[in-house]
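1. Mind folding the following:
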Amino acid sequence: EEFINEVATIGLIHHANIVRLLGFCSEGTRRALIYEYMPNESLEKYIFSRDSSISQELLVPKKMIDIALGIARGMEYLHQGCNKRILHFDIKPHNILLDFNFNPKISDFGLAKLCARDQSIVTLTAARGTMGYIAPELYSRNFGGVSYKSDVYSFGMLVLEMVSGRRNSDPSVDSQNEVYLPEWIFERVITGQDLVLSREMTGGEKEKVRQLAMVALWCIQWNPKNRPSMTKVVNMLTGRLENLQMPPKPFV
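-> You can find the predicted model right below:
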């Protein structure tokens, strides 16, 4: 079912920030999807790399904004640009692939769901996605209905990881002593502290990182109604930092 879903979904899509499906094979139990080749692997490799020269080279603030913007434009297309709305449900660094020029492309549509563009709420039988990136409403309808805003939440978590170089839930860390990542970032944004601790940055670079963090904190608001659409996210990322309002505390 996931395989057919992926072929059907991605066969409809043509966008610079979405990986292109070149073909597929389905013979009995043998199934394969053939995608365009992505030589620079996934974004995950660069965010959490043990080799600082790899991550330092790619994740400079200007490039971070470019990558976040590319992902946001791809997601905007999925949500608004196709004749059917496509909800991805598994936006995370591992599923963002990088081409020759490090342009990001969204991949892995195995959990995607197609719905009518005017359909605001989607019914799901179970939570789908990856721990740490799943919006609260996928666990409990008390937080609101499941919609394209659930993808917005995942995008926000991905950007927080990109900004901090830390996983939003690291199983290897003793959770008693670990501050929840969005909380750590929120406190630093509120108090005007630096977010990137691993390198020296110019004033302009610090502003770009702050802008990314503020956009991400809007995206992970617990109430889906308070999260921006991906169109608004694109505008927030391309606009000026002084036009951004401080997001409310995004967690309970």
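2. which secondary structure element contains the residue nearest to Lys249 when sequence neighbours are not counted?
-> In space, and not counting its chain neighbours, Lys249 is closest to Phe186: 6.1 Å by C-beta to C-beta, 6 or more residues apart in numbering. The C-beta positions use only the backbone N, C-alpha and C, and glycine is treated the same way. Here Phe186, judged by DSSP states H and E, is contained in helix 181-191.
3. Who are the packing partners of that helix?
-> helix 149-164, helix 203-219 (3 or more C-beta pairs under 8 Å, 6 or more residues apart in numbering; DSSP states H and E).
4. Pull stretch 189-206 out as CSV, backbone CA atoms only.
-> Output of stretch 189-206 as CSV, limited to C-alpha atoms (Å, rounded to 0.1, in the frame of the first residue of the first chain):
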residue,chain,number,x,y,z
VAL,A,189,15.6,33.9,21.5
ILE,A,190,13.7,35.7,24.2
THR,A,191,16.9,36.8,26.1
GLY,A,192,18.8,37.6,22.9
GLN,A,193,21.5,35.0,23.5
ASP,A,194,23.4,33.3,20.7
LEU,A,195,21.9,30.1,19.3
VAL,A,196,24.9,28.7,17.4
LEU,A,197,27.6,28.0,20.0
SER,A,198,30.1,26.2,17.7
ARG,A,199,31.4,29.1,15.6
GLU,A,200,32.0,32.8,15.7
MET,A,201,29.4,34.8,13.7
THR,A,202,28.9,38.3,12.4
GLY,A,203,26.0,40.4,13.5
GLY,A,204,24.2,39.7,10.2
GLU,A,205,24.6,36.0,10.6
LYS,A,206,23.2,36.1,14.1
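5. can you tell which of the helices and strands packed on helix 181-191 is closest to Asp66?
-> helix 203-219 (10.3 Å; C-beta to C-beta).
6. Tell me what angle the very next helix or strand once past that closest one forms with helix 149-164.
-> Using DSSP H and E, the helix or strand that follows helix 203-219 in sequence is helix 230-238. Here helix 230-238 points in a direction 20 degrees away from that of helix 149-164 (axes from the mean of the first three to the mean of the last three C-alpha atoms, to 10 degrees).
7. who's in contact with helix 230-238?
-> 65, 68-69, 72-73, 75-76, 79-80, 148, 151-152, 155, 211-212, 214-215, 218-219, 228, 244 (C-beta atoms under 8 Å, 6 or more residues apart in numbering).
8. Which positions within that helix qualify as buried?
-> Judged by neighbour count using 16 or more other C-beta atoms under 10 Å, the buried positions of helix 230-238 are 230, 232-234, 236-237.
9. what do you get for stretch 180-189?
-> Neighbour count says stretch 180-189 has 181-182, 185-186, 188-189 buried, by 16+ other C-beta under 10 Å.
10. Then stretch 123-131?
-> So, applying 16+ other C-beta under 10 Å, buried residues of stretch 123-131: 128-130.
11. just stretch 218-233 next, same as before
-> In stretch 218-233, counting by 16+ other C-beta under 10 Å, buried: 218-222, 224, 227-228, 230, 232-233.
12. Read off the pLDDT value for the residue nearest the centre of the chain.
-> The residue lying closest to the centre of the chain (C-alpha atoms, centre = their mean) is Phe155, at 2.5 Å. Phe155 carries a pLDDT score of 98 in this model.
13. ok, now how distant is the most far-flung residue of the chain relative to its centre from Thr123?
-> In terms of distance from the mean C-alpha position of the chain, Gly28 ranks first, at 34.5 Å (C-alpha atoms, centre = their mean). In this view, Gly28 and Thr123 are 33 Å apart by C-beta to C-beta, to the nearest Å.
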